[in-house]
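Chemist: Prediction below, plus the sequence it came from.
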Protein chains: 2
Amino acid sequence: MIYFDTTPKDDGFRMPGEFEHHLGCWMLWPERCDTWRLGAKPAQYAFTEIAKAIVNFEPLTVCVSAEQFKNARYLLDGRIRVVEISSDDAWMRDVGPTFVVNKNGSVRGVDWDFNAWGGIKEGIYFPWNKDAVVAQKVLEIEGIDSYKAPFVLEGGSIHTDGEGTALTTRECLLNCNRNPDLNENEIEELLKKYLNVERIIWLDKGVFQDETNGHVDNLCCFVKPGEVLLTWTDDKSDPQYEISENARRALLNSVDAKGRKLKIHTIHQPGPLYRTREECFGIDFDTNAAPREQGDRLAASYVNFYIANNGVVVPLFDDEFDEPAIKIFEQLFPGRKIVGILSREILLGGGNIHCITQQQPG
Amino acid sequence: MIYFDTTPKDDGFRMPGEFEHHLGCWMLWPERCDTWRLGAKPAQYAFTEIAKAIVNFEPLTVCVSAEQFKNARYLLDGRIRVVEISSDDAWMRDVGPTFVVNKNGSVRGVDWDFNAWGGIKEGIYFPWNKDAVVAQKVLEIEGIDSYKAPFVLEGGSIHTDGEGTALTTRECLLNCNRNPDLNENEIEELLKKYLNVERIIWLDKGVFQDETNGHVDNLCCFVKPGEVLLTWTDDKSDPQYEISENARRALLNSVDAKGRKLKIHTIHQPGPLYRTREECFGIDFDTNAAPREQGDRLAASYVNFYIANNGVVVPLFDDEFDEPAIKIFEQLFPGRKIVGILSREILLGGGNIHCITQQQPG
């Protein structure tokens, strides 16, 4: 596998929208006992369900440590490819490569710097040396050449419409725990080069209490060029209200790279949801990992879903807003089968379905 | 990846001769410090040279632990694919899958049981749990379905001519440290089913002091259907003389599956070669690994070479017999480029070029 010295923009490669066709999908396997309760077993079952939903739509590879290889292979659907790739946790969206394509259908990777969502002081865990090599290992297996982006970025902090527009948040990309030496203009220039986009739409903050420092993929995404879906609450006393309302106003005042005004769909958040006492039981204590405490507000959002070929895999929470959420997805994706999966176990680990997947276009 | 309940013979799949066309080649990366001296660094450089020779002829994947991934990726030629697969040592011939093909060009794997060349008491090291999963992991990456053979066998203990004949040794396959409950007839029946051959040519013993219990791939191989190459010595006082002479007589008295008498080529062994005092320096002591002592007779043989597409990669020993050996290879493989590599470092670990490679036909 070769790292090019150029950028995707130089070579005519762009990041497609997630709704464009996929060659397949990549996931990691949850194992660390200071993120996932009870030896990560409930999380492993939840990942297994999501993996099964995805492989019904497209090829899927799950990456797992040597220690868990046999167990993952046993639990996962036989159609799923299981490969040994060790990692520090299970967030393929953030540690995997971002794939870019050109007009001929060639695919290349972008391998971003990674610092565990904030580095030694503010990051979620330490060390992250295995995570930092996951993207390269995925690309080696596929024989896909790549660009090494010279700045810290997680895949969950960006969305694109595939037509020249990217969506992100200042809370994350301008956080001084990521790239303290780069200002908004410099980050914009890098995004334009590495995603091959012309316009960045900046939202201020991500979902309330999101430990990723506000990844956009939990807040807002493109459902097609010109249309976005935004997590919402009608409760003006909820801190999420102001965040979502601010984002809505920013989106209303934006045009995309094609000059279009955006059509804004909202989807009411579940809950609010909180970590229960029972859910704190069986999590290893480690000073190098983020604490998990009873009563923590969980950053729950239906926007953290995955678009597969002909399907959409949607997180559900056994909540009153699940059913209306499913209806919205059915309206937004009329050509795709909507599959809801109870995914609170993944939420407890700090993310959801979008965070644990990475599409490979082609 | 699926394991079939049938056998290759049932489904019309056969093991090709090594001289048939390859889709590529697989290797492992040497790391264990009780096999390889000086932190395995001299061995890693030797493997790197061999890998480079092979990738000049065909695609090559090198499998490496997470710990050595970056170092292997740095040392290995950029054309080589490097993937994370952990192992207990570096003998892909013996722990990798055997590939079988059918008339339509489809490829499947055979995943043999593995017990580290003799099990807990007589094997070379303990444990071997990572080695035992290497074949499955290779097949998962390639998306190749497989047969799980119900008996212990290493790839180095068999050769085929691709036309219905297999070559093996009693010293290894009938050793009570492999399959104590199976007799010669029963092993023959299993080989016939899993390699899809009709005739087994049994040689008695492998190379003198070969710690694999006499793998045939260090002693004798097919260079094409109907022709074999046998390691030889003119020194009647060398214990190898009787072994090679016995093998020659067995070959003379054999016919292959097509009813042909075999044409027997011999190639004079190097040395004899012995482990030096310097070469014992810097090997970790471990009661679970085979000892490495000064004065050990090394099981050196030119027959432990690898046939690649359009090339042959041959072990050399800085020995008076190197040059005549190269001449013999040039005569035997007129259409292929002969590349000699000084490989004493691999011999010190207990094998040679054939032992550390596994061809994937197609």
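Modeler: Cool, got the structure.

Chemist: Can you name the residue of the stretch 151-300 of chain A nearest to chain B?
Modeler: Of all residues in the stretch 151-300 of chain A, A:N288 sits closest to chain B, with a separation of 18.6 Å (C-beta to the nearest C-beta). Every residue, glycine included, has its C-beta placed from N, CA and C.

Chemist: and that residue, how many residues sit next to it?
Modeler: Here the number of neighbours of A:N288 (other C-beta atoms under 10 Å in any protein chain shown) works out to 12.

Chemist: Thought A:G123 was touching it, still the case?
Modeler: No: taking C-beta atoms under 8 Å as the contact criterion, A:N288 and A:G123 are not neighbours in contact, 9.2 Å apart.

Chemist: Could you list the contact residues of chain A toward chain B?
Modeler: A:1-2, A:65-66, A:69-70, A:73, A:78, A:81-86, A:130, A:133, A:136-137, A:140-141, A:143 (C-beta under 8 Å from any C-beta of the partner chain).

Chemist: Now name the helix or strand holding the residue in the stretch 251-362 of chain A that chain B sits nearest to.
Modeler: Nearest to chain B, among the residues of the stretch 251-362 of chain A, is A:Q360, at 14.2 Å (C-beta to the nearest C-beta). Using DSSP states H and E, the secondary-structure element containing A:Q360 is strand A:358-361.

Chemist: That strand pairs with which strands, parallel or anti?
Modeler: Using DSSP bridges, the strands paired with strand A:358-361 are strand A:22-28 (antiparallel).

Chemist: I'd like to know which elements the following helix or strand past the strand it pairs with is packed against.
Modeler: For strand A:22-28, the following helix or strand on the C-terminal side (DSSP H and E) is helix A:41-55. Using 3 or more C-beta pairs under 8 Å, 6 or more residues apart in numbering or on different chains; DSSP states H and E, the elements in contact with helix A:41-55 are strand A:22-28, strand A:60-64, helix A:69-75, strand A:306-308, strand A:311-316, strand A:337-342, helix A:344-349.

Chemist: quick one: helix A:41-55 to strand A:337-342, angle?
Modeler: Using axes from the mean of the first three to the mean of the last three C-alpha atoms, to 10 degrees, the interaxial angle of helix A:41-55 with respect to strand A:337-342 works out to 180 degrees.

Chemist: Specify the angle between helix A:41-55 and strand A:60-64 in degrees.
Modeler: Counting by the same axes, to 10 degrees, helix A:41-55 lies at 160 degrees to strand A:60-64.

Chemist: contacting residues around helix A:41-55?
Modeler: A:25, A:27, A:29-30, A:36-37, A:60, A:62, A:71-72, A:75-77, A:79-80, A:90, A:306, A:308, A:311, A:313, A:339, A:341-343, A:345-346, A:348-349, A:353, A:356-357 (C-beta atoms under 8 Å, 6 or more residues apart in numbering or on different chains).

Chemist: Please, where are all the strands along the stretch 151-300 of chain A?
Modeler: With DSSP state E, counting those that start in this stretch as the criterion, the stretch 151-300 of chain A has strands at A:159-160, A:165-169, A:199-203, A:220-224, A:227-232, A:263-268.

Chemist: Export those strands to CSV and append columns for mean neighbour count, distance to B:D296 and mean pLDDT.
Modeler: Formatted as CSV, those follow (neighbours: other C-beta atoms under 10 Å in any protein chain shown; distance: least, C-beta to C-beta, whole Å; pLDDT from 0 to 100):
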stretch, mean neighbour count, distance to B:D296, mean pLDDT
strand A:159-160, 26, 62, 98
strand A:165-169, 27, 63, 98
strand A:199-203, 21, 66, 98
strand A:220-224, 23, 64, 98
strand A:227-232, 22, 69, 98
strand A:263-268, 17, 71, 98
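
Chemist: Go through these and name the closest to B:E171.
Modeler: In this view, those are compared for proximity to B:E171 by C-beta to C-beta, and strand A:159-160 is the closest at 62.6 Å.

Chemist: Give me the below-cutoff pLDDT ranges for chain A.
Modeler: Along chain A, no part satisfies pLDDT under 70.

Chemist: thinking again about what came up before, spit out the contact partners of the residue of the stretch 151-300 of chain A closest to chain B.
Modeler: A:34, A:125-127.

Chemist: what do you get if the cut-off is 10 Å, keeping everything else the same?
Modeler: Taking C-beta atoms under 10 Å, 6 or more residues apart in numbering or on different chains as the contact definition, A:N288 lies against A:34, A:116, A:120, A:123-127.

Chemist: Quick check: the two most widely separated of those?
Modeler: So, the contacts of A:N288 by C-beta to C-beta: farthest apart are A:D34 and A:I120, at 16.4 Å.
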